[in-house]
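Participant: sharing a sequence plus its predicted fold:
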Amino acid sequence: MEGFQWLNGETPEERRQRFLSQPVEDGGAFLAQLTAQHKESAAEDGWDWPGEEVLGPMEGGEAIDRFLGISDFHGKTIPLVLAEIPVEHPWEVFAYIPFGGWNECPSDEEQMAAAKYWFETYKAVPAVITRDVLEYSLPAPVGREKAMDLALEQYAFCPDIVDQGCESVGYLADSLAKSTKWYFWWD
C-alpha cells in the first residue's frame, strides 16, 4: 500500500471501521481546549490572545454563499470529483476521506469531533474537501449574537483563516453572521 502512509498498516476499510466504531470526542470540549492552548501559546510569546488588533470590531465581513475551494483565483471551476459518501451522520465523512493531522490542521478524529459539534449546534455539514481546504454548508447564517464566539472557535481551529485571510476575528464574525458557507484553509 505505498502512498498511503496515513493508513499505518490498516486497509482503508479497517481504518473506516475503526473510526466509525469509536465514540466521537466532545467537539465543544476539543474546541475549548484548542482555544486555551492558543491563548497559552500567545501568553508565552508575550501577547494577549486574540488581542485587540487580531480581535477587531465585528464589521466589514462579506457573505460567503458559494464554495470557494472549487475555483481558481480567476473564479474558474477547477477539476473536481463529486462523491456521495455513505454516512449516517455528516461528521463521519472523515472516516472515509482522510483530512488533517498536518501543519496546524486538526487530525481526522478532531475533525470529526468539531464537525459533530458544529452540526449539532449550527446544522453545518462538511461539503468540500480539497488537499488543503475544508468547507462547510449550513442552512442559514449564524445569528450575530453567536458569531463572535464561533469566530473565536474557528480561529483556534484554523488560525490561517484570520492570520492569512480576513485579518481579524471581528471581520470573520461579521462574515459568519452573513454566510451559509464556512471556509477553512491550512498551508
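Facilitator: That came through fine.
Participant: need the longest helix for this protein.
Facilitator: In the chain, with assignment by DSSP state H, the single longest helix is helix 27-44.
Participant: ends of stretch 96-116, how far apart?
Facilitator: As for stretch 96-116, its first-to-last residue distance stands at 15 Å under the measure CA to CA, to the nearest Å.
Participant: actually stretch 100-110, sorry about that
Facilitator: The first and last residues of stretch 100-110 sit 8 Å apart, counting by CA to CA.
Participant: in what helix or strand does the closest residue to E25 other than its chain neighbours lie?
Facilitator: Leaving out its chain neighbours, the residue that sits closest to E25 by CB to CB, 6 or more residues apart in numbering is A113, at 3.9 Å. Any C-beta I mention is one placed from the backbone N, CA and C, and that applies to glycine too. Assigned by DSSP states H and E, A113 belongs to helix 108-122.
Participant: what's the offset of the next helix or strand after that helix from the middle of its chain?
Facilitator: Moving toward the C-terminus from helix 108-122, the next helix or strand (DSSP H and E) is strand 125-129. Offset of strand 125-129 from its chain centre (CA atoms, centre = their mean, to the nearest Å): 9 Å.
Participant: and strand 125-129, what does it pack against?
Facilitator: Using 3 or more CB pairs under 8 Å, 6 or more residues apart in numbering; DSSP states H and E as the contact criterion, the neighbours of strand 125-129 among helices and strands are helix 93-96, helix 108-122, strand 133-137.
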